[in-house]
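1. sequence? don't have it. structure:
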């Protein structure tokens, strides 16, 4: 069953507090969080979080299309390297 | 820069007519046959590849010079490589992962942070996994213009401007708060 709309999205209070503090300071810093269950809110866009995966903090740059997802979705708990082969990356 | 790239591997014979099961490691699996002949790791053999239909673990493929099931079976486990020079040049500000892996990473002040071990993408943009002598675990640096202003492949170095707290030395004192 999906979450009732009247409750609003779930976010751990300390995540909101840290994000607000980081936004006010205006510094480019990684906000370390352990709350994988928190929903990504519009006010997090542009911030960089370090989402704990049980071992270390995985860097997550929040963008608009991530709103509504949970932080844990972007911080995998298992390691898989694969092969570089012909894979490419573009700087954005 | 890596000179040879592993694009695939042979998982065994497929059927009894000399076809092989070919696993592709490419971004688009069908590109395994797009860069010309592939060779074995020791360069002792080279194969032209004709892809057949897609099967569970890759492709049913025909390799030049492999005509029987026995010959196909003998190649089980072989990895197939291509020369880096055979790959097309990437676009502006686009880099092959193979070119990035192994580059030395320096901060804007010139201090060495480590070297790139892998490039990962967990859905939130590409990340350079950096391993250094002073790091207990690897660090994931976003591969963005802001965090990685300079990539110099010729010199084998990257200049990084990491966000505060990413590397352990500049981690501000943060306490874990109320993670219920």
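-> Great, that's in hand. A quick note: this is a predicted structure, and the numbers were derived from the prediction, not measured. Numbers count the residues shown, from 1 in each chain, chains lettered A, B, ... in the order given.

2. Quick one, grab the pLDDT at residue B:125.
-> At residue B:125 the predicted local confidence, pLDDT, stands at 87.

3. Please read the previous query as pertaining to residue B:68.
-> For residue B:68, the predicted pLDDT is 93.

4. what do you get for residue B:176?
-> With respect to pLDDT, residue B:176 has a value of 48.

5. try residue B:170
-> With respect to pLDDT, residue B:170 has a value of 55.

6. do the same with residue B:115
-> Model confidence at residue B:115, given as pLDDT, is 94.

7. if I've got this straight, it is in a helix?
-> No: per DSSP: H, G, I helix; E, B strand; the rest coil, residue B:115 lies outside any helix segment and is strand.

8. And it, how close does it get to residue B:101?
-> With distances taken as C-beta to C-beta, to the nearest Å, residue B:115 is found 9 Å from residue B:101. Bear in mind the C-beta positions are built from the backbone N, C-alpha and C, glycine included.

9. Could you find the closest non-adjacent residue to the residue nearest the centre of chain A?
-> In chain A, the residue lying closest to the centroid (C-alpha atoms, centre = their mean) is residue A:71, at 4.0 Å. Nearest non-adjacent residue to residue A:71, counting by C-beta to C-beta, 6 or more residues apart in numbering or on different chains: residue A:51, 4.7 Å away.

10. And for residue B:22?
-> residue B:61 (4.1 Å).

11. List the buried residues of the helix or strand where the one you found lies.
-> In the assignment (DSSP states H and E), residue B:61 maps to strand B:58-63. Neighbour-count burial for strand B:58-63 flags B:58, B:59, B:60, B:61, B:62, B:63 (criterion: 16 or more other C-beta atoms under 10 Å in any protein chain shown).

12. what about the helices in the chain?
-> Just so you know, I chose chain A. Secondary structure of chain A by DSSP state H: the helices cover A:13-25.

13. look at chain B instead
-> B:69-74, B:97-100.

14. how about the ones you listed, which one is nearest residue A:11?
-> helix B:97-100 (34.2 Å; C-beta to C-beta).

15. Tell me the buried residues in the helix or strand of chain A with the lowest mean pLDDT?
-> Least confident element among the helices and strands of chain A, by mean pLDDT, DSSP states H and E: strand A:88-90 (a mean of 90). In terms of neighbour count (16+ other C-beta under 10 Å), strand A:88-90 has its buried residues at A:88, A:89.

16. Just the residues contacting it, thanks.
-> Residues outside strand A:88-90 that contact it (C-beta atoms under 8 Å, 6 or more residues apart in numbering or on different chains): B:27, B:90-91, B:93-97, B:100, B:119, B:121, B:126, B:143.

17. can you pull the pLDDT of residue B:2?
-> Looking at residue B:2, its pLDDT reads 65.

18. now residue B:27
-> Confidence at residue B:27, expressed as pLDDT, is 90.

19. my guess is it contacts residue A:87, does it?
-> Yes: assessed by C-beta atoms under 8 Å, residue B:27 is found in contact with residue A:87 at 4.7 Å.

20. So, low pLDDT: which residues of chain A?
-> Applying pLDDT under 70 to chain A flags no residue at all.

21. ranges for the strands of it?
-> A:30-33, A:48-52, A:57-61, A:88-90 (DSSP state E).

22. right, is the third one up against chain B?
-> Yes: contact of strand A:57-61 with chain B (C-beta under 8 Å from any C-beta of the partner chain) involves A:58, A:59, A:60, A:61.

23. Show me how to select, in PyMOL, the buried members of the residues you listed.
-> Here is the PyMOL selection string for the buried members of the residues of strand A:57-61 next to chain B, based on 16+ other C-beta under 10 Å:
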select buried, chain A and resi 58+59+60+61
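
24. I'd like the contacts of strand A:88-90 laid out as TSV, including distance to chain A and neighbour count.
-> Below are the contacts of strand A:88-90 laid out as TSV (distance: C-beta to the nearest C-beta, whole Å; neighbours: other C-beta atoms under 10 Å in any protein chain shown):
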residue	distance to chain A	neighbour count
B:27	5	11
B:90	5	14
B:91	7	9
B:93	5	11
B:94	4	11
B:95	6	22
B:96	6	22
B:97	4	24
B:100	7	22
B:119	6	22
B:121	8	12
B:126	4	23
B:143	6	25
